[in-house]
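Enquirer: Next one to model:
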Amino acid sequence: MTKVAFIGLGNMGAPMAANLVKAGHAVSGFDLVEAAKTAAEGTGVTIAPSAREAVRDAEVVVTMLPAGRHVLAAHAEFLDAAPKGALVIDCSTIDVDSAKRAHAAGGAAGMLTLDAPVSGGVGGATAGTLTFMCGGSDEAFAKAKPLLEAMGKRIVHCGGAGAGQAAKICNNMILGATMIVTCEAFALAEKLGLEAQALFDVASTASGQSWSLNSYCPVPGPVPASPANRGYKPGFAASLMLKDLKLAQEAAASVGAATPLGAEAAQLYALFVAAGHGGDDFSGVINFLRGARGAA
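Expert: Reported below is the predicted structural model:
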């Protein structure tokens, strides 16, 4: 049994913490939202009155927070309260620079650190099938891996500090762009009189196959588990996709990388979110492409 502090018990953090409890670990958690704390307490997480109290006896601290500024603020609050030598794992999706700053702060405080953003959404967090993309030392990764395996199915060491965040934003740039072109293809098929199931049956086994098509088909019917079959309720919200695409564009600008399709994807999701669909699943962009802006 490992003593774990979990900071950030939102839609992703709560089920991840619950899976650590199920695996037999002692989990102390904290969140700023009362409803989140209540829900997590119902899964066996012991709620602490503050982040500092949550980490006081922790061997491992896990953070799952909205943005880089939140991660850095949390580190500033709790690092001097955690035991020296504790492992700090940040599972948030944040910019690479903030991830590296978090590593530096943790190292200065005598901690082992790992950036370990996830892929798999709320469903993966609940089922314990997340993919973790990890950046940090070999020592930190080896210590973190058994805990991460309680929350995920695939654990990948991508390199040094910030490499996990780099992998995450590159992956999600691919995801955002491929979802858009998948939606465009189904919208075009409709105009051409081609049934969605027929297009799926062809493309899902031919050169057009992708995760966006095969696992998350953006039209109702072909993939029963996709959000298209439940009114485009997320899933993975469009606002979060926009966040990741913006992070990718910021990273691209910082190193002078050309990402024209990534930039176009970011612009389209910005329009989709601005039209009031930030809470829709990101596959709901098909309705925007059809011109049905009031749909989804």
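
Enquirer: Quick one: the helices in this protein, in order.
Expert: Here the chain has its helices, by DSSP state H, at 13-22, 34-41, 51-55, 68-78, 96-108, 121-127, 138-149, 163-192, 196-203, 211-214, 238-255, 260-272, 285-290.

Enquirer: Check what pLDDT Ala292 gets.
Expert: pLDDT recorded at Ala292 is 51.

Enquirer: let me redo that: Val122
Expert: With respect to pLDDT, Val122 has a value of 86.

Enquirer: Please name the spatially closest residue to it (chain neighbours excluded).
Expert: Nearest-residue entry for Val122: Asn11, 5.3 Å, with adjacent residues in sequence omitted and distances by Cβ to Cβ, 6 or more residues apart in numbering. Just so you know, the C-beta spots here come from the backbone N, C-alpha and C atoms, and that holds for glycine as well.

Enquirer: mind checking how far that neighbour is from Ala253?
Expert: Per Cβ to Cβ, to the nearest Å, Asn11 is found 29 Å from Ala253.

Enquirer: out of those two, which sits in the more crowded spot?
Expert: Set side by side, Asn11 and Ala253 show more neighbours around Asn11, with 15 against 11, by other Cβ atoms under 10 Å.

Enquirer: what's the spacing between that one and Met64?
Expert: 9 Å.

Enquirer: about what we covered before: switch the helices of the chain over to a markdown table; also include distance to Asn229.
Expert: Formatted as a markdown table, those follow (distance: least, Cβ to Cβ, whole Å):
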| stretch | distance to Asn229 |
| --- | --- |
| helix 13-22 | 21 |
| helix 34-41 | 26 |
| helix 51-55 | 38 |
| helix 68-78 | 33 |
| helix 96-108 | 35 |
| helix 121-127 | 13 |
| helix 138-149 | 31 |
| helix 163-192 | 14 |
| helix 196-203 | 12 |
| helix 211-214 | 15 |
| helix 238-255 | 17 |
| helix 260-272 | 20 |
| helix 285-290 | 13 |
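
Enquirer: quick one: which of these is nearest Gly221?
Expert: Of all those, helix 196-203 sits nearest to Gly221, with 5.9 Å by Cβ to Cβ.

Enquirer: Could you list the low-pLDDT ranges of this structure?
Expert: Residue ranges of the chain with pLDDT under 70: 292-296.

Enquirer: Go again with 50.
Expert: Along the chain, segments meeting pLDDT under 50 span 293-296.

Enquirer: Centroid-wise, who is the farthest residue in it?
Expert: Gly193 (36.5 Å; Cα atoms, centre = their mean).

Enquirer: Next one: it relative to Leu199, how far apart?
Expert: Distance of Gly193 to Leu199, given as Cβ to Cβ: 11 Å.

Enquirer: go on, Lys233?
Expert: Counting by Cβ to Cβ - Lys233 and Leu199 are separated by 24 Å.

Enquirer: now Met151
Expert: 36 Å.

Enquirer: what does Asp244 give?
Expert: Counting by Cβ to Cβ, the gap from Asp244 to Leu199 is 27 Å.
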